[in-house]
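In: here are the coordinates; sequence isn't available:
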């Protein structure tokens, strides 16, 4: 770790908040202990996760995507664990690139562990991310909280989700600890668990326990998984109807609009806000190593 100060920014997408660490040449050592220290809400900067901004060509996990996307979102959960994808994070990541003058408004590509994501970046408005196709494995899943159990839909958006439709969002409990799910073999690396209620036609609300972060104010991939699961529950499959299906998803931190297209692609539209920037004291951070 360099003895000089390390720049950072803070941003959020529907109140899913992130520490942003620009590091184009992948020069910083960011082990799990350092990430967890930075994301600590009392002893650090605080965030649901960390966005490590690296040129794809400089990162061994992204170099094969460098021709498609100049920038790699090396995303980490708040506990320092690595995640394949973060939908709100991609929007904030793109907003940072725009703010730093590294990309122009309009369309761009971002490399992630979940593949290359296409992003449309309005100058001052919402950000739309093409999240790829949802995968719906046929394996059955059950989620249990405080003695209540629900059948859940297994959905992958590049990361794993279990979507349970409930009568009341309070039935999800406090979500500080991981809700019970089974069989465990379906999610060997853990899972994001969404609890969903209906608000109106093609309009739902959700709470989520994010793997490695606990309950968060928003989850972009979770909102996509919820919209697809709700569509299938409602008997809607754009691949069969030939028409896009759009769902509004309310989260504790705001609202996302999710559209699934006949080719299987899923778009997510929502805000991305940068709120602060500063410098990390590397002497303080070294104590986390």
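Out: That came through, no problem. Since we're looking at a predicted model, the values are computed, not measured.
In: can you list the buried residues in stretch 78-85?
Out: Residues 78, 80-81, 83-85 are the ones in stretch 78-85 that count as buried (16 or more other Cβ atoms under 10 Å). For every residue, glycine as well, the C-beta is placed using N, CA and C.
In: excluding chain neighbours, what is closest to the spatially most central residue of the chain?
Out: Ranked by distance to the mean C-alpha position of the chain (Cα atoms, centre = their mean), the top residue is residue 86 at 2.2 Å. Nearest in space to residue 86, with sequence neighbours left out and distances taken as Cβ to Cβ, 6 or more residues apart in numbering, is residue 75 at 4.9 Å.
In: format the buried residues of stretch 78-85 as a markdown table; extra columns: pLDDT, distance to residue 159 and secondary structure.
Out: Shown next, in a markdown table, are the buried residues of stretch 78-85 (pLDDT from 0 to 100; distance: Cβ to Cβ, whole Å; DSSP: H, G, I helix; E, B strand; the rest coil):
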| residue | pLDDT | distance to residue 159 | secondary structure |
| --- | --- | --- | --- |
| 78 | 94 | 15 | coil |
| 80 | 96 | 16 | coil |
| 81 | 94 | 12 | coil |
| 83 | 88 | 6 | coil |
| 84 | 86 | 4 | coil |
| 85 | 88 | 5 | coil |
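In: quick one: which of these is nearest to residue 134?
Out: Within the set of these, residue 85 lies nearest residue 134; the separation is 12.1 Å, counting by Cβ to Cβ.
In: doesn't residue 157 make contact with that closest one?
Out: Yes. Shown here, residue 85 and residue 157 form a contact pair, counting by Cβ atoms under 8 Å, at 6.6 Å.
In: which helix or strand contains residue 111?
Out: Using DSSP states H and E, the element containing residue 111 is strand 106-112.
In: dump the buried residues of stretch 78-85 to CSV, plus distance to residue 102.
Out: Output for those, formatted as CSV (distance: Cβ to Cβ, whole Å):
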residue, distance to residue 102
78, 25
80, 26
81, 27
83, 23
84, 23
85, 21
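In: thinking again about what came up before, and for the strand holding residue 111, what's in contact with it?
Out: 56, 62, 65-66, 68-73, 75, 84-86, 90, 93-94, 97, 116-121, 158 (Cβ atoms under 8 Å, 6 or more residues apart in numbering).
In: list only buried entries from the residues you listed.
Out: 56, 62, 65-66, 69-73, 75, 84-86, 90, 93-94, 97, 116-121, 158.
In: inside strands: which ones of those?
Out: Counting by DSSP state E, the buried ones among the contacts of strand 106-112 place 71-73, 75, 116-121 in strands.
In: now the two most distant members of the residues you listed.
Out: The span of those, defined through Cβ to Cβ, is set by 75 and 120 at 19.9 Å.
In: which stretches in the stretch 151-289 of the chain count as helices?
Out: According to DSSP state H, counting those that start in this stretch, the stretch 151-289 of the chain carries its helices in the segments 220-233, 238-241, 282-286.
In: what do you get for the stretch 1-150 of the chain?
Out: Assignment of helices within the stretch 1-150 of the chain using DSSP H, counting those that start in this stretch yields the ranges 32-39, 87-99.
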